[in-house]
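Asker: Can you look at this prediction? I've put the sequence above it.
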Amino acid sequence: MRRMAFRVTVALGAGALAVFTLATGNAASTNEVVRAVAPLSAKAAPATSLGSLMPGASVAVGSPGPPAGITLTAWYAGTASGVLMTKPGERIVVARLTPAGVAAEVPGTTQTDAYGTTWHEVSIDGLVDPTQLAPDETTAFHDAAALYAARCSSCHALHQPSEYTANQWPAILSSMQRNAALSDEQAALILAYLQRHANSP
C-alpha cells in the first residue's frame, strides 16, 4: 500500500505558524523469495489453507509478521486455476492452491500464447511463515546447487542448468528423483533452482 504524506499548518498565535508532516497508510511492500515449500493460509482465517508456495516464488511482503502477510501475483494456463506459474508460456510453478485458494484469487489480465493457450493473471493474499522467506534468489537457493551436485552426479556427469529449458527440466528431474533419493521438498527446491538458471526457450 502506498504511504501518503500530508502537510498540516497550525496557527500558534502572534502570526507564528508551525508546519507538520503527517503520514498515513502502510510503508511500501518489499519483494522476497520463498526458500522452501511453504504453507499459505488465509489472512481472515489463518486455519484455512490456501495451498503451498513453491521455492523461488517472488512475493510482495506487506507485513513482516509473524506470520508474514504476502501477495503473490502469477499466472495459470487454460482452466488449471490451482497451479500458478511465473508468466505466460513459462511453466515454472510458484504455487499449488487448494479450492479455498482458487476461490481467493483476484483476476487480472489475460494473454494468449503462440500455441493458442489462454493465460490468466491472478493475485492472492495470504499468510506465510517468515522464516520461509529470503531477501533474494541467491539466498533462497543457497543450498540448492550443493544438493543438486551431491545427489544428481552419482550415476552420470552433472548436467548444467543451462543444458535444458525451464519447460524441459520438470520431466527430466522427475525421471531422476527416485534414483537420487530426493524427497518431494528437495526435488521442488532443485527444480526451482534449475528452472531459474535454465536455457532460454
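Answerer: Ah, there it is. In this text the structure is predicted, and so the values were computed from the model without any measurement.
Asker: Counting residues, which helix of the protein comes out longest?
Answerer: Determined from DSSP state H, the single longest helix within the chain is helix 184-196.
Asker: Show me how far it is from its chain's centre.
Answerer: 13 Å (C-alpha atoms, centre = their mean, to the nearest Å).
Asker: what comes up buried for it?
Answerer: The neighbour-count check on helix 184-196 (16 or more other C-beta atoms under 10 Å) flags 186-196 as buried. Every C-beta, even on glycine, is put in place using the N, C-alpha and C of the backbone.
Asker: Identify the residues contacting that helix?
Answerer: Contact with helix 184-196 is made by 36-37, 54-56, 92, 137, 141, 143-145, 147-148, 151-152, 161, 164, 166, 169-170, 173-174, 177, 182, as judged by C-beta atoms under 8 Å, 6 or more residues apart in numbering.
Asker: at 6 Å what do you get?
Answerer: The contact list for helix 184-196, computed with C-beta atoms under 6 Å, 6 or more residues apart in numbering, reads 37, 54-56, 92, 141, 144, 148, 161, 166, 169, 173, 177.
Asker: Kindly report the same for stretch 56-75.
Answerer: The contact list for stretch 56-75 (C-beta under 6 Å, 6+ apart) reads 29-34, 84-85, 87-88, 94, 119, 121, 123-125, 127-130, 192, 196.
Asker: Can you get me the start-to-end distance on that stretch?
Answerer: 15 Å (C-alpha to C-alpha, to the nearest Å).
Asker: what comes up buried for the strand or helix carrying residue 102?
Answerer: According to DSSP states H and E, residue 102 maps onto helix 99-103. Within helix 99-103, the residues that count as buried by 16+ other C-beta under 10 Å are 101-102.
Asker: For that helix, list the C-alpha coordinates in PDB.
Answerer: Only the C-alpha atoms of helix 99-103 are listed here, as PDB (Å, rounded to 0.1, in the frame of the first residue of the first chain):
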ATOM      1  CA  PRO A  99     -10.100 -24.900  -3.600                       C
ATOM      2  CA  ALA A 100     -10.100 -22.200  -0.900                       C
ATOM      3  CA  GLY A 101      -7.000 -20.700  -2.600                       C
ATOM      4  CA  VAL A 102      -8.600 -20.800  -6.000                       C
ATOM      5  CA  ALA A 103     -11.700 -19.000  -4.600                       C
END
